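Engineer: Show me how the following folds:
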Amino acid sequence: MIEIKRTSLPLAFNTPRNLFAGIHRAMVHLVVDLCGALRLTSCSLYVLNRWLVKPHLPAMFFHSWFNDALLIPSALPSLLLLHRWLGLRSHDGAPSVWEIATHVAGWSVLFEVIGPHLVRRATGDVWDVLAYALGAAAGWLWWRRDWLLKDPEVAREL
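Structural biologist: Got it, this is the predicted structure:
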């Protein structure tokens, strides 16, 4: 007698209820990845700076470097999620120092070296690179806050 398999799906998804639960879990992870607290805060600060602060406050920091400091915390999570989907990243954890540093370097070259040759009004600025790095450092501290606070010495200093 020939045995017919019920489905070729993995065992966890062999019923509609389990399939829906798996899709639901995947969507929840997607929303959490795209809407993390740091990302939402960075994007909100960008919008506030762009349309409320810059038009009414002549401070050079808000006109030149504030949005640059928000680049890594707001854009890196989405890019790392894309890397995960493409199989270039094997986990959904916090970005490593290497991942953050390579993206800061790549974006610095793209926006401060190549960009001014492609966009007429763009200018390359070393201070922008410093702002990217400071934003990246703040992002790294946020993404590693649980690890940092586990160490009693670090927690006491913070």
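
Engineer: okay, CA-based contacts and neighbour counts for the rest of this
Structural biologist: Fine.

Engineer: quick one: low-confidence ranges for the protein?
Structural biologist: Applying pLDDT under 70 to the chain flags residues 1-35, 151-158.

Engineer: Can you give me the distance of the residue nearest the centre of it to Thr123?
Structural biologist: The geometric centre of the chain, computed from its C-alpha atoms, lies nearest to Pro77 (C-alpha atoms, centre = their mean), at 2.0 Å. Look at Pro77 and Thr123: by C-alpha to C-alpha, to the nearest Å, they are 26 Å apart.

Engineer: try Leu40
Structural biologist: On the measure of C-alpha to C-alpha, Leu40 and Thr123 end up 28 Å apart.

Engineer: Let me see the ranges of the helices in this protein.
Structural biologist: Listed in chain order, the helices of the chain (DSSP state H) span 16-34, 37-48, 54-56, 60-64, 66-69, 71-85, 97-108, 115-118, 126-143, 145-150, 152-157.

Engineer: Of those helices, give the one that comes closest to His91.
Structural biologist: helix 71-85 (7.0 Å; C-alpha to C-alpha).

Engineer: which other residues reach that closest one?
Structural biologist: The contact list for helix 71-85 (C-alpha atoms under 8 Å, 6 or more residues apart in numbering) reads 33-34, 38-40, 42-43, 89-92, 95, 100, 103-104, 132, 135-136, 139.

Engineer: Could you give me the PyMOL syntax to select whichever of the residues you listed are buried?
Structural biologist: Buried subset of the contacts of helix 71-85, written as a PyMOL selection, criterion 16 or more other C-alpha atoms under 10 Å:
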select buried, resi 33+34+38+39+42+43+95+100+103+104+132+135+136+139
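
Engineer: Out of the helices of the chain, which is the most enclosed?
Structural biologist: helix 66-69 (a mean of 21; mean count of other C-alpha atoms under 10 Å).

Engineer: What helices and strands are in contact with that helix?
Structural biologist: helix 126-143 (3 or more C-alpha pairs under 8 Å, 6 or more residues apart in numbering; DSSP states H and E).

Engineer: List the contacts of the helix it packs on.
Structural biologist: 38, 64-66, 68-73, 94-95, 97, 100-101, 104, 108, 112, 148.
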